Each structure stands twice: as C-alpha cells, then as structure tokens.
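K.L.:
Predicted model follows, preceded by the sequence.
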Amino acid sequence: MLGFSALELARMQFAFTVSAHILFPTLTIGLASYLVVLEALWLIKKDDVYVRLYHFWSKIFAVNFAMGVVSGIVLAYEFGTNWSGFSKFAGGVTGPLLTYEVLTAFFLEAGFLGVMLFGWDKVGRGLHMFATTMVALGTLISTTWILASNSWMQTPQGFAIVDGRVVPTDWLAVIFNPSFPFRLAHMTLAAYLSTALFVGASGAWHLLRRNGTAEVRKMFSMSLWMLLLVAPIQIIVGDAHGLNTLEHQPAKIAAIEGHWENDPGDESLPLIAFGIPDMETERTNYAIEIPYLGSLILTHTLRGKIPGLKEFPPEDRPNSTIVFFTFRIMVALGMAMLLLAVVGAWLRWRRRLYDFRPFHVFSLAMGPAGLLAVLAGWLTTEIGRQPWVVYGVMRTRDAVSAHSALSLSITLIAFIVVYFLVFGTGAIFMLRLVARGPQEHGSLEPSHDHGEVRRPARPLSATPDSPDGSRTTNRETV
C-alpha cells in the first residue's frame, strides 16, 4: 500500500485504532466524575436543576461508554495479531496489568453501571449515589492500570530478561515506575479539561440559540469553574512531567525541542518557538528562537543545557519533524484553555457571563480542544519513544508480527471504513443528544412506557431510540 512496509502499516493501524479509542475513555472519565458532582450537589442543595442535568448527561455518558468499550476490545486483539513479538517478550508485565484492570475497574463498573443508569426510581438515594461514585471510581482505576502499563513501556523498571522474555522481579517497581505518577496525573487532568470544554461548548451552543435555561447556565458556569481550577494545575503537572522525561528520555525532549547540538560559545539554551526540523540534514530550518527561554523551561535556570539529538546514534532518534509540531499544538491548545478560563472569570465578575456572545462563540469553538490536545499529547509521547516499544529494551521492529504488507493494507482500510461508519454514527447521535439540551421542566424521574416492563441490559438502553427523545416499541400504532 503506497510503498509502506509491514512495520509502518502495523504502526499506522495501531495509531488509528488507539486514537479513535482514546477519545471515548477521556470523556468517560470526566463525565463519570461530573455525574458524581451533580448528584452530590442535588442531595446537598435539593435543587432540581442538578438532577435534570444528571439525567441529561447520563444519557451522553451511556453512549460514550458503550463506544469506548467496543473500541477498546479491538486493541486487546491487536496486541496479539499485529504485535505478537511484543506480547511474547513483554506479556509477563503487560498481561497481568491489563488483567488487573479487568478484575478491578471493569468488574466495578459492570457491578454498578446498571444501578446508576436504570436504578434511579428503584433504589434509595444513598445507594444510587454510591453506585454513581463506584462507576466514577472504576474509570479512575482503569486509567491507573492502563497508565501503569504504558508508563512501564516508557520507563521500564522492576524486571529481568530470562530466556528472551521479560520476567517481573518487583511489581511495585513495575507499577510505580519513574514516569507513572506524572502520566497518571497528566492524563486524568486532561480528561477533566476535555470534559469541561465539552460541557462548556454544549452550554455555549444553547446560549447562542437564546436557550438560557437554568440548566444551561448552571452547566456552563460549572464547566468554567472546572477550567479555572484545573488548567493552571495541568500546566504545573506538565512541567514536572517534562522534567521527568528529560531525566529518563532525553532523546525525546531533544526531538520535541528540535535541538540538535549545543553551541560551545553559548552557555544558555534558546527556545525554538517555530521551525521545521529536518532529520536528513540534522538541523531545524527557519528556526525562530527566544534566548534563555529553553534553559528556563527545561532546566529552571538561565544557563542550563540539554543533550542534542546529534549526541544519540541516528537509529535511536525519534522523529523530530512530527513531535516538534504535535507538542506545540498541545501547548497552544492548553494556553487557549487557560485564556478561556481567565476570560470566563472576568466576565463572571462583570456579570456578563451569560450574555456576551463573542465569548460563547469562543467557548463553542473550544469544545473539541481538549480531545485534540489529548491526541497531540499521545502522538508526542508515543512517537517520541521510537524506535523503542519498550524504551531502551526492545525495538519496535522486533515487536511486529510477520504479516505481509498486503494483508495489513487490507485490514487498515477495513478498520478505517468500519470505524467511520460505526463510531461516526455513534458520535453524531451523541452530539444530537447534546444539541437537544437538558429539559428545564418535567418529571425528575426517568420516563417509562405505560403498561410495559422494561429491563434494560445494555448501556445504550438508557438513551432514547432517537435524539428527539422518542422511543419505539413493538406495539402497533393506529
């Protein structure tokens, strides 16, 4: 296919499927915690606005959760089909970690998801609040195990290689490897930011349509409070994550910065704000440099330096041309999130938060920014790890299965077509639910068909059969 090798096609296939998947867990993590906050506020304040928001966002959560589960199953099989070398070599670590996720997070979610989605009028308020909390806790536990596995691949610790295979020697070192705390915090905060932007964009959409109900105003306000709280924390965590990466993966940082070599006559390191790194000529063309800022950001001093890419063998260098830009996209979106939060706080102080339409347009445009930043960050992290699948231990070329380029081309095309049909349809349905907005008035209890006993058995049963809220039944209509 277009002259790509089997290795390149396998990498593209995994990149496509995991990129499609990561969007859903990101929103699942944030929405689950948001539902906990909404239900808790309802129990404390007895304000029916919160419970109406809970019912509204629980429907979006159900659709998103279902798509996340389905897309995640593909990845589990892909490890065995396309990356059998990796599974054989490192399965002693990654296999148990993924099993722990199933035994803890999945079982916890499965045990309480039904109560959360369908038990509102069947169990007491305290038990329902407990079920919602357990589902949210399950999403965070799932994140913990997945990030432990991925972080071990980035900064492997606590293992020995016996007969060509990884054997864990210290599970605490495996799980709590050097980069794990930073990646876990960074990803969790990214999920909260992405969800806040998604909720805020929904509120902005309705405000622009002159639908400024109490529910719309409340969710818009809550999203901006969340942004104002989390965005500065994420910047601090991101800085700490960068310092950790510099310590354990200096080649990745050099590639991100487009930094090839240190100038002997300059004791400081400039920040290259823009440029085009060229892996062939080993230089960054059209570089726009800011003196001292590179040293200040990367070493927290005005005279610090980092290793240049030329200090690493060519076969051990990540692709600077890609990660240079993906990292800057992530940072630019992060700065835009902070700007949105600060402007929102200023408008709140001026009592213009709900009537300043340019800000609502800005909020609506920022709706996908969190998810785009997650994708950019993931590409930076994973491409920056190359050419290693387990950093410094196993190269990616040794991890791929022995498939032909033709078979991988066919399956890649099939994945693209099926994903756009299935998940594209699901995403459109979810967005149409969001466009409906929460109901200002009406029953606080979920509606039921008269005379019909419904026993939903799947998350999507919590949503209407069509975005306009109607349900179809097996009965004949006259």
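P.N.:
In hand now; what should we look at?
K.L.:
Residue 389 falls within a strand, correct?
P.N.:
Yes - Residue 389 sits within a strand when classified using DSSP: H, G, I helix; E, B strand; the rest coil.
K.L.:
Pretty sure it sits against residue 153.
P.N.:
Yes - if you go by C-beta atoms under 8 Å, residue 389 and residue 153 touch, sitting 6.7 Å apart. Placement of C-beta: from N, CA and C, glycine included.
K.L.:
can you list residues touching both of those two?
P.N.:
residue 90 (C-beta atoms under 8 Å, 6 or more residues apart in numbering).
K.L.:
give the contact list for residue 389.
P.N.:
Counting by C-beta under 8 Å, 6+ apart, residue 389 touches 83, 86, 90, 153, 395-396, 398-399.
K.L.:
redo that, cut-off 6 Å
P.N.:
Contacts for residue 389 were tallied using C-beta atoms under 6 Å, 6 or more residues apart in numbering; they are 86, 396, 399.
K.L.:
what about residue 58, neighbour count?
P.N.:
24 (other C-beta atoms under 10 Å).
K.L.:
Could you measure from it over to residue 370?
P.N.:
Plainly put, residue 58 is 20 Å away from residue 370 if you go by C-beta to C-beta, to the nearest Å.
K.L.:
before we move on, what about residue 311?
P.N.:
The value you get for residue 311 to residue 370, if C-beta to C-beta is used, is 35 Å.
K.L.:
Counting neighbours, go ahead and name the busier of these two.
P.N.:
residue 370 (28 against 14).
K.L.:
Report all helices and strands that the helix or strand containing that one contacts.
P.N.:
Element membership of residue 370, judged by DSSP states H and E, is helix 369-385. Helix 369-385 sits against helix 6-45, helix 180-208, helix 320-349, with contacts defined as 3 or more C-beta pairs under 6 Å, 6 or more residues apart in numbering; DSSP states H and E.
K.L.:
just checking, what packs against the last one?
P.N.:
With contacts defined as 3+ C-beta pairs under 6 Å, 6+ apart, the secondary structure elements packing on helix 320-349 are helix 214-248, helix 250-257, strand 271-278, helix 369-385.
K.L.:
And for the second one?
P.N.:
Contact partners of helix 180-208 among helices and strands, from 3+ C-beta pairs under 6 Å, 6+ apart: helix 6-45, helix 125-154, helix 214-248, helix 357-365, helix 369-385.
K.L.:
Let's have those in CSV, adding distance to residue 161 and mean pLDDT.
P.N.:
Shown next, in CSV, are the helices and strands packed on helix 180-208 (distance: least, C-beta to C-beta, whole Å; pLDDT from 0 to 100):
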stretch, distance to residue 161, mean pLDDT
helix 6-45, 22, 91
helix 125-154, 14, 93
helix 214-248, 19, 94
helix 357-365, 50, 94
helix 369-385, 19, 94
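K.L.:
got a markdown table for these, with distance to residue 179 too?
P.N.:
Formatted as a markdown table, the helices and strands packed on helix 180-208 follow (distance: least, C-beta to C-beta, whole Å):
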| stretch | distance to residue 179 |
| --- | --- |
| helix 6-45 | 18 |
| helix 125-154 | 5 |
| helix 214-248 | 6 |
| helix 357-365 | 33 |
| helix 369-385 | 10 |
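K.L.:
Any idea which of these gets closest to residue 349?
P.N.:
Closest of these to residue 349 is helix 214-248, at 11.7 Å (criterion: C-beta to C-beta).
K.L.:
counting contacts, what elements does the closest one pack onto?
P.N.:
helix 48-81, helix 180-208, helix 250-257, helix 320-349.
K.L.:
Tabulate these (CSV), appending mean pLDDT and distance to residue 119.
P.N.:
Formatted as CSV, the helices and strands packed on helix 214-248 follow (pLDDT from 0 to 100; distance: least, C-beta to C-beta, whole Å):
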stretch, mean pLDDT, distance to residue 119
helix 48-81, 89, 11
helix 180-208, 94, 23
helix 250-257, 93, 46
helix 320-349, 95, 35
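K.L.:
Got phi/psi on residue 172?
P.N.:
Main-chain torsions, residue 172, degrees, to the nearest 10: phi -60, psi -40.
K.L.:
And residue 305, by the same measure?
P.N.:
Note on residue 305: its backbone torsions stand at phi -130, psi 160 [degrees, to the nearest 10].
K.L.:
thought it was touching residue 267?
P.N.:
No - the criterion here is C-beta atoms under 6 Å, and residue 305 misses it with residue 267 at 7.6 Å.
K.L.:
So which of those two has more stuff around it?
P.N.:
Using other C-beta under 10 Å, the more surrounded residue of residue 305 and residue 267 is residue 305, with 17 against 13.
K.L.:
ok, the more buried one - contacts?
P.N.:
Contacts for residue 305 (C-beta under 6 Å, 6+ apart) come out as 262, 269.
K.L.:
let's see 10 Å
P.N.:
259, 262-263, 266-269, 294-295, 298-299 (C-beta atoms under 10 Å, 6 or more residues apart in numbering).
K.L.:
CSV for those residues, including secondary structure?
P.N.:
Output for the contacts of residue 305, formatted as CSV (three-state DSSP):
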residue, secondary structure
259, coil
262, coil
263, coil
266, coil
267, coil
268, coil
269, coil
294, helix
295, helix
298, helix
299, helix
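K.L.:
Pick out the lowest-pLDDT one from the residues you listed.
P.N.:
Lowest pLDDT of these: residue 266, 70.
K.L.:
Could you check how many residues crowd around it?
P.N.:
13.
K.L.:
is it true that it touches residue 291?
P.N.:
Yes - in this structure residue 266 lies within contact range of residue 291 using C-beta atoms under 10 Å: 8.8 Å.
K.L.:
so what's in contact with residue 305 and residue 267 at the same time?
P.N.:
The contact sets of residue 305 and residue 267 overlap at residue 295 (C-beta under 10 Å, 6+ apart).
K.L.:
how about the host helix or strand of residue 433: buried residues?
P.N.:
Applying DSSP H and E as the criterion places residue 433 in helix 405-436. Under the neighbour-count criterion of 16 or more other C-beta atoms under 10 Å, helix 405-436 has 405, 408-409, 411-412, 415, 419, 423, 426-427, 429-430, 433-434 buried.
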